[in-house]
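3D model of this:
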Amino acid sequence: MDSNCVEVSLLTLTIANSARGFSSGSELANLVVTSDLPQQAWNAITLLTNSIPNSQSSLELRFELSRVGNRTIIAFVTSSSFALNQLQHGSDLVSSSSSPAKESFALFESLSSKTQFAINKASITLFDQNLDKLSELKAKIEYSIPLIVTGCYLGGSIASLFTLWLLESGNFTKAKPLCITFGSPLIGDSASQKTLAKFSWNSNFLHLASDQDPVPGILKNHNRVLKMPLVFTNHLGHSCWCKI
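Model (predicted):
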């Protein structure tokens with residue numbers, strides 16, 4: 001394993017169910033990063049980021065729905081500085097039973113009906129603050145069209161929560177949405193992992209990070225495991241599947 005990947009992989013990771021068809025996780029990682037889906041997702045993030053005026057570059061959360069070919073892409077972005085600030089002041093895990101954002105926690109019925117679980121405070125707080133706008137966004141989705149939900153930094157955490165919410169609805173007539181995030185922190189605790197492991201759609205999440213990304217390592221001192229694939233790429237463009 002590349003030493004850069006070991007250095008950045010300070011979170012406890014598990015191989016997801018989607019890796020079972022491969023002789024090693026690195027094979028799946030290379031397949032993911034060489035497909036066009038991550039590039040399409042990143043292009044959507046870049047277009048959205050570039051559309052934000054410099055004077056507003058530090059604002060909280062931006063998102064946009066667009067059509068690319070035969071699929072819909074929803075991109076969520078925050079600046080890295082905003083994400084770092086929020087995570088440094090809200091890196092604690094908050095329980096579904098005690099969180100002030102109970103309305104948002106209640107959206108994840110599959111999780112909340114089976115066990116108490118926790119999500120990092122910065123992610124669920126930002127999600128809750130934008131719940132009305134996210135509800136409007138959800139209403140615009142055409143469930144018969146393939147969907148990618150993507151995001152970077154803390155926007156990636158919102159993308160993950162939004163995708164979980166969509167999967168709860170069960171309205172997709174074709175492929176379920178694929179969530180691809182870049183440089184984002186994992187969002188849940190071990191209880192989240194155990195519950196998500198029971199669902200086939202836990203492999204609908206792909207988290208990609210570089211050894212240059214500032215955000216994923218900020219939660220390194222917290223014991224959070226989320227059973228979703230996570231691919232690390234180093235600055236040379238090589239990918240590897242990390243499990244420590």
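
what's the neighbour count on L47?
The criterion is other Cβ atoms under 10 Å. On that basis, L47 has 14 neighbouring residues. Just so you know, the C-beta spots here come from the backbone N, C-alpha and C atoms, and that holds for glycine as well.

For it, give me the pLDDT.
pLDDT, L47: 92.

what about it, which SS state?
State at L47, reduced to three classes by DSSP: H, G, I helix; E, B strand; the rest coil: helix.

ok, and the closest non-adjacent residue to E64?
Excluding its sequence neighbours, the residue lying closest to E64 (Cβ to Cβ, 6 or more residues apart in numbering) is L48, at 4.9 Å.

What residues of the longest helix along the chain count as buried?
Longest helix in the chain, counting residues (DSSP state H): helix 154-169. The neighbour-count check on helix 154-169 (16 or more other Cβ atoms under 10 Å) flags 154-167 as buried.

I'd guessed the residue nearest to E64 sits against L65; true?
No. With contacts defined as Cβ atoms under 8 Å, L48 does not count as touching L65, sitting 10.3 Å away.

Tell me which of these two has more neighbours.
When L48 and L65 are compared for neighbours, L48 comes out ahead with 22 against 15, by other Cβ under 10 Å.

Name the residues of whichever strand or helix holds A122 that come out as buried.
Assigned by DSSP states H and E, A122 belongs to helix 121-129. Across helix 121-129, burial judged by 16+ other Cβ under 10 Å covers K121, A122, S123, I124, T125, L126, F127, D128.

cool, and stretch 51-70?
Neighbour-count burial for stretch 51-70 [16+ other Cβ under 10 Å]: L61, R62, F63.

before we move on, back to that, which residues touch the residue nearest to E64?
R62, F63, E64, A75, V77 (Cβ atoms under 8 Å, 6 or more residues apart in numbering).

which residues does the closest residue to F63 other than its chain neighbours bridge with?
Using Cβ to Cβ, 6+ apart and skipping residues adjacent in sequence, the residue nearest F63 is F76, 4.6 Å away. Note on F76: beta-bridge partners by DSSP bridges are F63, G151.
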